[in-house]
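# Give the three-dimensional model of this entry:
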Amino acid sequence: QVQLVESGGGLVQAGGSLRLSCVDSGRTFRFHNVGWFRQAPGVEREFVAAITWNGITTYYEDSVKGRFTISRDNAKNTVWLQMTGLKPEDTAVYYCAALFRTSVYFYRDSQNYEYWGQGTQVTVSS
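Model (predicted):
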């Protein structure tokens, strides 16, 4: 069983940085691909970044490339999303999600993910 808990959100000025954490208390997290998604009010949930179970491959939405970095430490059952150069349009609730490793990883499709955290609010002021 995977139980995800996000933390690290908050209020930051434009240009600032935050680091989000996604922690699992189970024993199988290291076998799961993990994605970060975000949802702003009145907007559909959108893909932000993803990382394969072994940490070898990462994926990013175009709007965050060069500003956000996803990483993981399986010994700590943790995935991070380092966010720099934050913009007001990055304001949203951020969710991490996990999917047991598969031969093909459709990382963008939120419906593929089996487990979700409760979300953490990120607010960027202008």
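# residues contacting the closest residue to residue 13 other than its chain neighbours?
Nearest non-adjacent residue to residue 13, counting by C-beta to C-beta, 6 or more residues apart in numbering: residue 125, 5.4 Å away. The way it works is simple: take the backbone N, C-alpha and C, and place the C-beta from them, glycine included. By C-beta atoms under 8 Å, 6 or more residues apart in numbering, residue 125 lies in contact with 11-14, 88.
# repeat that for 7 Å
11, 13-14, 88 (C-beta atoms under 7 Å, 6 or more residues apart in numbering).
# any idea how far the spatially most central residue of the chain is from residue 126?
Taking C-alpha atoms, centre = their mean, the centroid of the chain lies closest to residue 36, which sits 2.3 Å from it. Per C-beta to C-beta, to the nearest Å, residue 36 is found 23 Å from residue 126.
# hang on, the earlier thing: correct me if wrong: the residue nearest to the centre of the chain contacts residue 81.
Yes - judged on C-beta atoms under 7 Å, residue 36 makes contact with residue 81 at a distance of 4.9 Å.
# who touches both of these two?
Counting by C-beta under 7 Å, 6+ apart, the shared contacts of residue 36 and residue 81 are 49, 70.
# Quick one: the strands in the chain, in order.
Ranges of strands within the chain are 4-7, 10-13, 18-24, 32-39, 46-51, 58-60, 68-73, 78-83, 92-100, 115-116, 120-125, based on DSSP state E.
# so which of those is the most packed in?
Most buried of the strands of the chain, by mean neighbour count (mean count of other C-beta atoms under 10 Å): strand 32-39, with a mean of 24.
# now that one, how far from the centre of its chain.
4 Å (C-alpha atoms, centre = their mean, to the nearest Å).
# what angle separates that strand from strand 120-125?
With axes from the mean of the first three to the mean of the last three C-alpha atoms, to 10 degrees applied, the angle from strand 32-39 to strand 120-125 works out at 40 degrees.
# Now do strand 32-39: which elements does it pack against?
Strand 32-39 sits against strand 46-51, strand 92-100, with contacts defined as 3 or more C-beta pairs under 7 Å, 6 or more residues apart in numbering; DSSP states H and E.
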